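Enquirer: The following block contains a protein sequence and its predicted model.
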Amino acid sequence: MAFWGIFGSRKGENVEQEAAERLDAGLQKTRRSIFDKLAHAVAGKDVVDDEVLDSIEEALITSDVGVETTQNIIERLEERVARDKYLNAEELNSILCEEVEALLDASGCADAEPFDFSKKPYVIMVVGVNGVGKTTTIGKLAAQLKESGKKVILGAADTFRAAAVDQLVIWAERAGVDIVKQEMGSDPASVAYDTLSSAVAKGADVVIIDTAGRLHNKVGLMNELTKIRNVMRKVVPDAPHEVLLVIDGSTGQNGFLQAKEFVRATDVTALAVTKLDGSAKGGVVIGISDQFKIPVKFIGVGERIDDLRLFDRHEFVRSLFK
């Protein structure tokens with residue numbers, strides 16, 4: 001289901017079809033990379049042998065699925081091949097889709113609504129290194145939530161970069177939502193506190209807090225994020241309800257390293273993988289979710305506001321391996 005459908009806006013077959021087409025277009029480079037290798041692997045074959053499995057392994061690794069996750073997938077395929085004996089290319093592709101979906105399902109990528117709006121305000125803390133599309137993701141998410149009828153407030157708690165605050169202000173204006181900000185160099189936790197206080201006073205449905213994307217000092221990062229969480233809980237006792245880590249999908253294996261550091265620094269609960277339309281590294285979505293057992297909730301496959309999509313594991317796998 002497309003992101004708009006989840007929030008009750010822009011429903012209809014034409015919208016769903018357009019969304020599927022844009023997902024296909026966004027994953028085109030990755031799909032071509034995988035499909036060409038798979039097609040070569042099974043060309044002229046009437047059984048799935050070790051050579052075919054080796055070629056599939058190479059296709060997945062070069063698409064940045066990751067070595068460990070690829071090995072998991074190959075082991076699953078080997079079990080199926082041993083049990084089913086004869087498989088043609090179409091059947092193999094179908095089984096590959098089933099096994100990848102199963103991995104994503106085990107990581108929590110279930111087809112469910114992304115947010116629990118019974119919690120008001122629902123607080124999302126967004127983390128990620130600079131340059132991954134964090135602020136843009138916040139802006140697109142705010143715009144979609146606003147269009148779905150939710151009252152949204154943004155908190156500009158990345159107070160170390162003027163550009164980050166300025167960009168978030170632009171997105172707030174574009175989306176038509178309120179934003180809370182302070183002077184450059186202000187305490188990020190103070191911004192978060194003011195944002196939640198404002199949200200409670202105004203009866204906001206959703207609060208999205210931007211945070212600094214620095215990894216050069218891991219201890220400092222951990223302390224800062226912990227402080228922000230503790231201060232927010234003075235206003236909303238169970239905040240944040242979501243810690244959303246934004247990863248640049250075009251960086252491939254670097255995305256794994258980023259995820260590892262942020263998982264160490266804070267309790268990441270969900271992933272948003274951006275810029276999947278810019279490279280053939282879309283397999284990183286599968287690998288990161290599998291290795292860290294953290295669900296992917298959003299993917300970015302283009303520049304438009306609705307190119308930030310709610311992640312649907314079936315739709316994603318279908319587009320990737322079709």
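Expert: Good, I have the coordinates.

Enquirer: lowest average confidence, helix or strand, in this structure?
Expert: Least confident helix or strand, the chain: helix 3-6 with a mean of 44, by mean pLDDT, DSSP states H and E.

Enquirer: Quick check: bridge partners of the spatially most central residue of the chain?
Expert: In the chain, the residue lying closest to the centroid (Cα atoms, centre = their mean) is Ala272, at 1.9 Å. When assigned by DSSP bridges, Ala272 has beta-bridge partners Val246, Phe298.

Enquirer: Surely Tyr186 and Thr159 touch.
Expert: One thing to correct before we go on: residue 186 is Ser, not Tyr. Yes. If you go by Cβ atoms under 8 Å, Ser186 and Thr159 touch, sitting 4.7 Å apart. Where C-beta positions appear, they are placed from N, C-alpha and C, glycine not excepted.

Enquirer: Please identify which of the two sits among more neighbours.
Expert: Thr159 (22 against 16; other Cβ atoms under 10 Å).

Enquirer: Please report how far Lys181 lies from Gly213.
Expert: Distance, Lys181 to Gly213, using Cβ to Cβ, to the nearest Å: 17 Å.

Enquirer: Tell me both backbone torsions, phi and psi, for Asp49.
Expert: According to degrees, to the nearest 10, the main-chain angles of Asp49 amount to phi -110, psi -170.

Enquirer: what does the model give it for pLDDT?
Expert: We have a pLDDT of 77 for Asp49.

Enquirer: Now for it, how many residues are close by?
Expert: When neighbours are counted by other Cβ under 10 Å, Asp49 comes out with 10.

Enquirer: buried sites along the helix or strand that Asn93 is a member of?
Expert: Take DSSP states H and E as the rule and Asn93 turns out to sit in helix 89-106. Buried residues in helix 89-106, counting neighbours by 16 or more other Cβ atoms under 10 Å, are found at 89, 92-93, 95-97, 99-101, 103-104.

Enquirer: With Val180 as the reference, measure out to Asp312.
Expert: Counting by Cβ to Cβ - Asp312 and Val180 are separated by 33 Å.

Enquirer: oh sorry, the question was meant for Lys140
Expert: Taking Cβ to Cβ as the measure, Lys140 falls 19 Å from Val180.

Enquirer: cool, Ser94 as well?
Expert: Ser94 is 50 Å from Val180, by Cβ to Cβ.

Enquirer: same question, Thr136
Expert: 19 Å.

Enquirer: average pLDDT across stretch 190-206?
Expert: Mean predicted lDDT for stretch 190-206 stands at 97.

Enquirer: in that stretch, what's buried?
Expert: Neighbour counts using 16+ other Cβ under 10 Å place 191-196, 198-199, 204-206 of stretch 190-206 among the buried residues.

Enquirer: Return the member of these nearest to Gly128.
Expert: Proximity of those to Gly128 (Cβ to Cβ) peaks at Ala192, which lies at 16.3 Å.

Enquirer: State the next helix or strand along the chain beyond the helix or strand where that closest one lies.
Expert: Under DSSP H and E, the secondary-structure element containing Ala192 is helix 188-202. Under the assignment DSSP H and E, the closest C-terminal helix or strand after helix 188-202 is strand 206-210.

Enquirer: How many neighbouring residues does Glu147 have?
Expert: Quick note: Glu147 (other Cβ under 10 Å) scores 16 neighbours.

Enquirer: Could you pull up phi and psi at it?
Expert: phi -70, psi -30.

Enquirer: Tell me the spacing between it and Ile305.
Expert: Glu147 is 9 Å from Ile305, by Cβ to Cβ.

Enquirer: got the residue ranges for the helices in the stretch 151-300 of the chain?
Expert: Under the criterion DSSP state H, counting those that start in this stretch, the stretch 151-300 of the chain carries helices at the ranges 162-175, 188-202, 218-232, 253-265, 284-292.

Enquirer: Give me whichever of these is most buried.
Expert: helix 284-292 (a mean of 25; mean count of other Cβ atoms under 10 Å).

Enquirer: what angle separates that one from helix 253-265?
Expert: With axes from the mean of the first three to the mean of the last three Cα atoms, to 10 degrees applied, the angle from helix 284-292 to helix 253-265 works out at 30 degrees.
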